[in-house]
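J.: next comes the sequence, and after it the predicted model I'd like to discuss.
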2 protein chains.
Amino acid sequence: MSGKKNSLTVADVAREAKVSKATAARVLGEYGIASEGARKAVLEAAERLGYQPNDLARSMSTGRSGLVGVIVGDIENAFFSQAVRGISDTLRAAGLNLIISNSSEQLSEEIEMVSVLLRQRVAGLIVAPTDARHVDHLKAALAAGTPVVTLDRHAPQLGADAVCGEDRQSVGRVLRRLQEEGHRHVAYVTAMKTRDGKLGRLEEIGISAVRERISGFLTQMREAGVEDPADLVFVGATGDDETTAVVTRILKRSPTITAILASDSLICARVFRELSDRGLTLPQDMTLVSWFDADWSRVTTPRISVVDQPTYQFGQKAAERLIARLKGDASPPRVYVIPTPLLERGTIGPAKTE
Amino acid sequence: MSGKKNSLTVADVAREAKVSKATAARVLGEYGIASEGARKAVLEAAERLGYQPNDLARSMSTGRSGLVGVIVGDIENAFFSQAVRGISDTLRAAGLNLIISNSSEQLSEEIEMVSVLLRQRVAGLIVAPTDARHVDHLKAALAAGTPVVTLDRHAPQLGADAVCGEDRQSVGRVLRRLQEEGHRHVAYVTAMKTRDGKLGRLEEIGISAVRERISGFLTQMREAGVEDPADLVFVGATGDDETTAVVTRILKRSPTITAILASDSLICARVFRELSDRGLTLPQDMTLVSWFDADWSRVTTPRISVVDQPTYQFGQKAAERLIARLKGDASPPRVYVIPTPLLERGTIGPAKTE
DNA sequence: GTAACCACTGATACCGGTATCATTACTTGT
DNA sequence: ACAAGTAATGATACCGGTATCAGTGGTTAC
């Protein structure tokens, strides 16, 4: 079939340069010492033959592998693809490459991916863990000496560096701002799926960022004197139709509910469209705030107010931490929090009073 | 430093199972034959010890490598990240993984990336080549037995499979539709950089998709009797400020110019925002059509008419072709054209007549 | 003059798998 | 009963690098 027979080896180069394999390997691998003459002869021979080193073989014998595994929920989502760009740029600068995997936010797939990456003997792992309660596979990687950094999420019992946004604080910040405008009943819309379509126990939420935000939401709402804030958390906004249904349910409770928080840019886009389709004007008829500053947030009318999650920076920081660990940094694991400020644009207005 | 000492080998498992290394390798590697008893003993020993195969070593000795290299212009761009998702899903189903690289649309980086990936002995390459005239590095990969598929772009002299959209036809289709509406002077806005900020010779455009579209644009415009269509191609819309400048230049030539074609969704977003900032109403004051159906195209008012480039499918098809080649398909290279229909929404209107 | 040191080199074991081949122990056929 | 075939196994070479170690020849030190 694919007869890949032509690959040249150091031995071939050595023969051509009339030196030993060991000497050729030293100059090609840039280790040890070699005389100026030998070096020139080998380099010229390599050039003449068109020698291409084999990194597979190199990592085999050194044990180190220039490859870092990255597992995200969905690269198609700008949130992650931007983070991946940050990771990629940073790793590349350190001479590392990345293998990308999609977990589709499913634990079983994540476990499978980790196994595949470990088989490839990646130097390290950057993961957005799907479930903070099930991280044994990551813990095993860590124990086996493969550093792990979690992205956007934190799993305390894992004992790995984490790079996160200010999930809890940002939701508090937004709510306080809305409360200033007189909003009392604010809906929080998230893609999270639950068995019965209702918000269950907080400890059962696997994605830490989601849990933190909802937890912060409930706390802040209770502090503001809202009796049953769990009723204001709308889960299951996974697709177009589901989000439409959620908006319908929210509007049925209008004018009580005067503001909507969208947990990501996809949800926000769908909510925004639903609202305008129904003839509502923002922010007069409804206040809307989203997480993640998608590239289109400033093209709508009015422009959308967002909690800016600079995921490129998330990625950068995660890659930096991983590189540090690879270089031997053995300090205790830390959580690195990236500021996620509220960017006020045109969709925050005073609460509509009936 | 990173003492990675614990890795178990087939030899360890063999010892534990009291069989030879060869037998253990046969059952763990699922090749050759082994008795039921031996199989059970080895599997149990592997389980007990927690053995994890080393794919590096495996690829070393087999020569095959389960990894496919992907080089795109920018993963951060939804156009590519969607394609990557298609590639990823398809490859995964065939038991392959992918290494992602960003060329930032720079030939030098692309060449470097190809070299890195080849060193990793990837099984194949999926590339969006930055310059169709400089593909020697890809040709070399092909010659060395590593199959290559180009994505979204075609380099005839490369002799590799290509997966493309209907670049030339789609621009003709759009223009004919606009001409029906009475538009004669249509602007085409692209991110392409040129030395002097003006459109040079077509043969000097490296990205084939860009060249095809502009070429199609010029042809169709000439057919419609527009005297100097090159004046209507606006290049260099690379960032926010640059695009603003382009819009300014276009509007200066209004009301002559009655419609704008944006070559990608980033440009479209910026053009759209610029137009609404200046108080223009679409489609009454200006017609706008973009390439790529970004997720936000349907949240604006009015919704944006787009040439739908289903890049997930681009990716799928490219991965399928690569897999076929890997399986030994030696048929002559082909160009696979994915339909890119015009989705008419709200931004196409009759030409404003003065 | 020779011991000690130095730069440089080559032979070879090794990384952890796969693949080949020879060997052993059983069947099976006639 | 004996040749031939077959299933199962173990020993070992091999993939293409790196790393170790034992020389070799030349220079400096006393």
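T.: Received it, and whenever you're ready, just let me know what you need. Numbering: from 1, shown residues only, chains lettered A, B, ... in the order given.

J.: isn't A:Q220 right up against A:S170?
T.: No. Here A:Q220 lies out of contact with A:S170, judged by CB atoms under 8 Å, at a distance of 10.9 Å. The C-beta positions use only the backbone N, C-alpha and C, and glycine is treated the same way.

J.: where does the stretch 1-150 of chain A dip in pLDDT?
T.: A:1-6 (pLDDT under 70).

J.: give the contact list for A:I304.
T.: A:C268, A:F272, A:L288, A:V289, A:S290, A:S297, A:R298, A:R345, A:G346, A:T347 (CB atoms under 8 Å, 6 or more residues apart in numbering or on different chains).

J.: check A:D12 too.
T.: A:L49, A:Y51.

J.: so which of the contacts of A:I304 are in helices?
T.: The helices, defined by DSSP state H, take in A:C268, A:F272 from the contacts of A:I304.

J.: tell me the one among the contacts of A:I304 nearest to DNA strand D.
T.: DNA strand D lies nearest to A:S297 out of the contacts of A:I304, by CB to the nearest atom of the strand, at 48.1 Å.

J.: number of nearby residues for that closest one?
T.: 23 (other CB atoms under 10 Å in any protein chain shown).

J.: isn't it right up against A:R303?
T.: Yes. With contact taken as CB under 8 Å, A:S297 and A:R303 are classed as touching, separated by 6.5 Å.

J.: need the overlap of contacts for the two.
T.: Counting by CB under 8 Å, 6+ apart, the shared contacts of A:S297 and A:R303 are A:R345.

J.: picking up where we left off before, buried subset of the contacts of A:I304 as a PyMOL selection?
T.: Entered in PyMOL, the line below selects the buried ones among those, by 16 or more other CB atoms under 10 Å in any protein chain shown:
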select buried, chain A and resi 268+272+288+289+290+297+298+345+347
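
J.: for chain B, tell me which of the contacts of A:I304 show up nearby.
T.: Applying CB under 8 Å from any CB of the partner chain, the subset of the contacts of A:I304 adjacent to chain B comprises A:F272, A:R298.

J.: so which of the contacts of A:I304 are also by DNA strand C?
T.: Residues of these in contact with DNA strand C (CB under 7 Å from any atom of the strand): none.

J.: for chain A, which residue gets nearest to DNA strand D?
T.: Counting by CB to the nearest atom of the strand, chain A gets nearest DNA strand D through A:G29, at 2.9 Å.

J.: in stretch A:104-122, what's buried?
T.: A:105, A:107, A:109-111, A:113-114, A:116-122.

J.: look up the closest residue to the residue of the stretch 151-300 of chain A found nearest chain B, ignoring the ones flanking it.
T.: In the stretch 151-300 of chain A, the residue that lies nearest chain B is A:W296 (3.5 Å; CB to the nearest CB). Using CB to CB, 6 or more residues apart in numbering or on different chains and skipping the chain neighbours, the partner closest in space to A:W296 is B:W296 (3.5 Å).

J.: report pLDDT for the one you found.
T.: What the model reports for B:W296 is a pLDDT of 95.

J.: that one touches A:A269, doesn't it?
T.: Yes. B:W296 lies in contact with A:A269 (CB under 8 Å); the separation is 5.4 Å.

J.: need the overlap of contacts for those two.
T.: A:A294, A:W296.

J.: farthest-separated two in the buried residues of stretch A:104-122?
T.: Taking CB to CB as the measure, the buried residues of stretch A:104-122 reach their widest spread between A:E105 and A:R121, a distance of 26.1 Å.

J.: distance of the residue of the stretch 201-350 of chain A at minimum distance from DNA strand C relative to A:R64?
T.: Closest residue of the stretch 201-350 of chain A to DNA strand C, CB to the nearest atom of the strand: A:L326 (18.7 Å). Using CB to CB, to the nearest Å, we find A:L326 at a distance of 9 Å from A:R64.

J.: ok, A:V122 next?
T.: 10 Å.

J.: next: A:F234.
T.: Using CB to CB, A:F234 is found at 48 Å from A:R64.

J.: have a look at the two and say which one is more surrounded.
T.: Set side by side, A:F234 and A:R64 show more neighbours around A:F234, with 26 against 14, by other CB under 10 Å.

J.: over to the more buried one: give its phi and psi.
T.: Here is the backbone geometry of A:F234 (degrees, to the nearest 10): phi -110, psi 110.

J.: so who does it touch?
T.: Going by CB under 8 Å, 6+ apart, A:F234 touches A:A187, A:Y188, A:V189, A:T190, A:V246, A:R249, A:I250.

J.: how close does it sit to A:V289?
T.: 14 Å.

J.: okay, now A:T62: neighbour count?
T.: 12.

J.: just to revisit the earlier point, quick check: the residue of the stretch 151-300 of chain A closest to chain B touching A:C268?
T.: No. Judged on CB under 8 Å, A:W296 makes no contact with A:C268 at a distance of 9.6 Å.

J.: what ranges do the strands span in the stretch 151-300 of chain A?
T.: A:161-165, A:185-189, A:233-234, A:257-262, A:287-291 (DSSP state E, counting those that start in this stretch).

J.: any chance of these in TSV, plus mean pLDDT?
T.: Below are these laid out as TSV (pLDDT from 0 to 100):
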stretch	mean pLDDT
strand A:161-165	98
strand A:185-189	97
strand A:233-234	97
strand A:257-262	97
strand A:287-291	98
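
J.: got CSV for the ones you listed, with distance to B:A57 too?
T.: Listed next are those as CSV, based on distance: least, CB to CB, whole Å:
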stretch, distance to B:A57
strand A:161-165, 29
strand A:185-189, 49
strand A:233-234, 50
strand A:257-262, 48
strand A:287-291, 44
